[in-house]
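Visitor: Predicted model, plus sequence, below.
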Amino acid sequence: MAKVSSQDLGTQPIGKLLIKQAVPASIGILVMSLNILVDTIFVGNWIGATAIAAINVVLPVSFFIAALGMSIGIGGSSIISRALGGDKTEKALKTFGNQITLTLLFTVTLVVFGLYYVDAIIPAFGGKGTIFEPAKIYYKIVLYGVPFLALCMMGNTVIRAEGKPKFAMYAMMIPSVGNLVLDYVFINLMGYGMEGAAWATTASYLLCFVFILWFFASKNSELKIKFSHFGLQKNIVKEIGSLGFVTLARQAVVSITYLFMNNILYDLGGETSVTSYAIVGRMLMFALFPVFGITQGFLPIAGFNYGAAKFLRVRLVINTAIKYAVILASMIFVLLMVFPEAITRLFTHDAEVIKETPSAMRWVFAATPIIAIQLIGAAYFQAIGKAIPALLLTLTRQGFFFIPLILILPIFYAELGVWMSFPISDVLATIVTAYYLNKEIKSTLTIKPVEKE
């Protein structure tokens, strides 16, 4: 894959450039989502359908804690990139040290809190009935590894800030491959059940941490921190927090959504409905990876050309990204509408789950072809540095529409109301995003007569 320089972002043909940027991003997202997908298939076939539901209960808790690491990483990496570019090495080192300290302080505190209140947290997130015990087993073991995951997510963004995307890609692949191999060993060969699934996940986090530790200790990294760099500095902490808040807010809403969904579905349909949601949720992560890749590829192109006042190119990349993403999303939509039962059978042999999940999957993905507008629209505001609109549009679907809908519609339509909430919130969020994107284009991206392509 040819390397894309900053000058290329402002000169190369948009279509070719977008593909160059989107393919590596898609591969990275594919590796992570494929790991989650295959892991769920292994657990469902080797342990049982209830185990899938149990893991789905634990995910929002562990991922929210780990998302603190990602938020601290994204906020600090922005500072590090600018510091290195401005030859301010000491500030970059101090920022990295502060990132490590903050990540450890927050995650270890939350893990201790999470373990102490385990018997209250699991039912709160839908771990009731027969789901409770396997969820508790998985939760306690995985939580031991969550600080390592948070440090990995933080470290990965710093590696990218240093301009080492190849090592960042390796860091993403190691836990994915390691988890799948260890799943096979611990669950299938050694018969450890839920304990095996949990230890495979925790060990994979540790493998990733070891790799990242090696990277920063080796000559590959410019950031050689000392003990003095770990002391928290108020202005750096404040800047890290303000820049990382969007990521944390997004993950918080995701965790709240899981909390509501697992509890509502358990009350309406028991363990079967929670398992169906877990399967559909894995497909949401996996099936849309090329669309997410287009969105990630779009960001630097839009941001660079906006900064260079090349508004014709900005408008062109918006239109091209939406067009490519709509085509890919439509292809995904057809596959999921035609083969939902076959997809469900990959995860489980449970007859009740197989009966319920295909219908749910069709509802959840019913508005898939139009989500590109929502994703690209929110990404555009992020790319040009307008944090508030980016945050609000990112939260529009789940925070402003989806959560209220899943609280209201089941009153009238029972479980069907839950599944109907997905396409309705997608349509509403897309309309809102399209309105503000179009307004922004007309008011800001005015093409000057002298502007050249």
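Guide: Received, thanks.

Visitor: Which residues lie in contact with the nearest residue to residue 402 once chain neighbours are set aside in this structure?
Guide: In space, residue 402 comes closest to residue 425 once its chain neighbours are excluded; the distance is 4.0 Å by C-beta to C-beta, 6 or more residues apart in numbering. In short, each C-beta sits where N, CA and C put it, glycine included. The contact partners of residue 425, taken as C-beta atoms under 8 Å, 6 or more residues apart in numbering, are 397-398, 401-402, 405.

Visitor: now with 6 Å?
Guide: Counting by C-beta atoms under 6 Å, 6 or more residues apart in numbering, residue 425 makes contact with 397, 401-402, 405.

Visitor: So among those residues, where is pLDDT lowest?
Guide: Between the contacts of residue 425, the one the model trusts least by pLDDT is residue 397, at 88.

Visitor: burial count for it?
Guide: Residues contacting residue 397 under the criterion other C-beta atoms under 10 Å number 25.

Visitor: Give me the nearest residue to it, chain neighbours excluded.
Guide: Setting aside the residues directly before and after it, residue 397 is nearest to residue 429 in space (C-beta to C-beta, 6+ apart), at 3.7 Å.

Visitor: just checking, next helix/strand downstream of the longest helix anywhere in the chain?
Guide: Using DSSP state H to define each element, the chain has its longest helix at helix 234-287. Next along the chain after helix 234-287, taking DSSP states H and E as the criterion, comes helix 289-307.

Visitor: Can you name every helix or strand that that next one contacts?
Guide: Counting contacts by 3 or more C-beta pairs under 6 Å, 6 or more residues apart in numbering; DSSP states H and E, helix 289-307 is packed against helix 6-11, helix 14-46, helix 311-338, helix 371-383.

Visitor: Quick one, which of the contacts of residue 425 are buried?
Guide: Among these, those classed as buried by 16 or more other C-beta atoms under 10 Å are 397, 401-402, 405.

Visitor: returning to that earlier point: take the contacts of residue 425 and write them to a markdown table, including distance to residue 220 and secondary structure.
Guide: Below are the contacts of residue 425 laid out as a markdown table (distance: C-beta to C-beta, whole Å; DSSP: H, G, I helix; E, B strand; the rest coil):
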| residue | distance to residue 220 | secondary structure |
| --- | --- | --- |
| 397 | 39 | helix |
| 401 | 45 | helix |
| 402 | 42 | helix |
| 405 | 48 | helix |
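
Visitor: I'd like those residues laid out as JSON lines, including distance to residue 102.
Guide: As requested, these are exported to JSON lines (distance: C-beta to C-beta, whole Å):
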{"residue": "397", "distance to residue 102": "29"}
{"residue": "401", "distance to residue 102": "33"}
{"residue": "402", "distance to residue 102": "30"}
{"residue": "405", "distance to residue 102": "36"}
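
Visitor: Pick the one among those closest to residue 285.
Guide: residue 397 (15.4 Å; C-beta to C-beta).

Visitor: how close does the closest one get to residue 257?
Guide: To residue 257, residue 397 is 10 Å away according to C-beta to C-beta, to the nearest Å.

Visitor: from the buried ones among the contacts of residue 425, which is closest to residue 158?
Guide: Of all the buried ones among the contacts of residue 425, residue 158 sits closest to residue 397, with 29.8 Å by C-beta to C-beta.

Visitor: That closest one is in contact with residue 428, isn't it?
Guide: No - contact criterion C-beta atoms under 6 Å: residue 397 and residue 428 do not qualify, at 7.9 Å.

Visitor: what number of residues lie near the residue nearest to residue 305 when sequence neighbours are not counted?
Guide: Nearest residue to residue 305 in three dimensions, chain neighbours excluded: residue 313, at 4.3 Å (C-beta to C-beta, 6+ apart). Other residues lying near residue 313 total 28 when counted by other C-beta under 10 Å.

Visitor: wait, residue 313 sits on residue 304?
Guide: No - using C-beta under 6 Å, residue 313 is not in contact with residue 304, being 8.9 Å away.

Visitor: ok, now which ones touch residue 41?
Guide: Here residue 41 is in contact with 346-347 (C-beta under 6 Å, 6+ apart).

Visitor: Phi and psi next, for the closest residue to residue 209 other than its chain neighbours.
Guide: Spatially, and ignoring its direct neighbours in sequence, residue 209 is nearest to residue 148 (4.3 Å; C-beta to C-beta, 6+ apart). Backbone torsions for residue 148, taken as degrees, to the nearest 10, come to phi -70, psi -40.

Visitor: ok, now how distant is residue 148 from residue 155?
Guide: 10 Å.

Visitor: More neighbours: the two, which one.
Guide: Shown here are residue 148 and residue 155; by other C-beta under 10 Å, residue 155 has more neighbours (27 against 24).

Visitor: Okay, and that one sits in which element?
Guide: helix 132-161.

Visitor: name the helices or strands packed onto the helix or strand just after that helix?
Guide: The C-terminal neighbour of helix 132-161 among helices and strands, as given by DSSP H and E, is helix 165-183. If you count contacts as 3+ C-beta pairs under 6 Å, 6+ apart, helix 165-183 packs onto helix 14-46, helix 132-161, helix 193-217.

Visitor: Buried residues, helix 165-183. List them.
Guide: So, applying 16+ other C-beta under 10 Å, buried residues of helix 165-183: 167-176, 178-180, 182-183.

Visitor: Which one of the residues you listed is nearest to residue 250?
Guide: Out of the buried residues of helix 165-183, the member with the shortest distance to residue 250 (by C-beta to C-beta) is residue 172, at 19.0 Å.

Visitor: Where does the prediction get shaky in the stretch 101-250 of the chain?
Guide: Confidence mapping of the stretch 101-250 of the chain against pLDDT under 70 gives the ranges 160-161, 163, 165, 243.

Visitor: Where does the residue nearest to residue 236 when sequence neighbours are not counted sit: helix, strand or coil?
Guide: Spatial nearest neighbour of residue 236, chain neighbours left out: residue 98 (5.0 Å); criterion: C-beta to C-beta, 6+ apart. Following DSSP: H, G, I helix; E, B strand; the rest coil, we place residue 98 in the helix state.
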